[in-house]
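[1] Predicted model, plus sequence, below.
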Amino acid sequence: MKKTAAAKKKSAAASTKPASAKGKSKKQPKVDVKPERVAAILAGLRKAHPNAECALIHKSPWELVVATILSAQCTDVRVNLVTPQLFKNFPTPKAFAEASLTSIEEDIRTTGFFRNKAKSISGAAKLLVTKYKSKVPETMDELLELPGVARKTANVVLGVAFKKAEGIVVDTHVLRLSKRLQLTLNTDPKKVERDLVKIIPRDRWIDFSHELILHGRQTCVARKPRCAQCILEPVCNSSDKTFTTH
């Protein structure tokens, strides 16, 4: 059926109308990992946080294992309030291994998920005592045998306690900021870590994690990033920036 002249005119006019805001396609995010840009991000983080380090207070690799297990779904501040009394009550892996779950639970109750965490800590302590003579192992595979120790915890222990760069710690801050900075499009921590180790020099893996975590806490906060005070703003193109110079 042929269109009338009036219909053709109406159709042509409609085709020239700008798309509504609702109909506009959103700009798809993309990665930008050019070496010079990654270098600028690393230099900015080091300048902003020259003394960044693990926020969990500990005196031994074992205490760091326990503190990192407790930090799941809990702030480091809260963990640091709990661990002094916890380690006073149970000063060694053997003491944890011999303790009842109830007694451990009571000391860590305020960290949340305390029953599961108590089981993990108790199980890790028992394995250390029976298999490793109460010493925390220094390899990724051995650490992953310990109950409650996943790759993030193992990376924390290896990097902080033993200065071994076997990977990059990917916590909620690293996950969020690495995506904001277009270093990855992935949301799974393991995939994000795989992306990051390809572009971050190995000698920066340990410090990079601490710097990014601190930057996420102090400046690039989740709900309203403080972009006007951010040293990385010139190289950041995040869609939720609150201030921009470009």
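    Cool, the structure landed. Numbering: from 1, shown residues only.
[2] Thr242 is in contact with Lys224, correct?
    Yes. Between Lys224 and Thr242 a contact is recorded at 6.0 Å, counting by C-beta atoms under 8 Å. Where C-beta positions appear, they are placed from N, C-alpha and C, glycine not excepted.
[3] Looking only at neighbour counts, state which of the two leads.
    Thr242 (13 against 8; other C-beta atoms under 10 Å).
[4] center of this protein - which residue?
    By C-alpha atoms, centre = their mean, the chain has its centre lying nearest to Asp171, at 1.8 Å.
[5] Which residues lie in contact with that one in this structure?
    Counting by C-beta atoms under 8 Å, 6 or more residues apart in numbering, Asp171 touches Lys152, Ser209, Ile213.
[6] same thing but at 10 Å, please
    By C-beta atoms under 10 Å, 6 or more residues apart in numbering, the residues touching Asp171 are Thr68, Ser71, Ala72, Asp76, Lys152, Asn155, Val156, Pro189, Ser209, Leu212, Ile213, Gly216.
[7] next one: Ile206
    Ile206 neighbours (C-beta under 10 Å, 6+ apart): 52-54, 155-156, 158-160, 163-169.
[8] Could you turn the buried ones of the residues you listed into a ChimeraX selection?
    Buried subset of the contacts of Ile206, written as a ChimeraX selection, criterion 16 or more other C-beta atoms under 10 Å:
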select :52,54,155,156,158,159,160,164,165,166,167,168,169
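[9] closest to Leu185 among the contacts of Ile206?
    The nearest member of the contacts of Ile206 to Leu185, counting by C-beta to C-beta, is Ile168 at 16.5 Å.
[10] the domain parsing of the protein - what is it?
    For the chain, the structural domains run 35-50+168-235, 61-135, going by automatic domain parsing.
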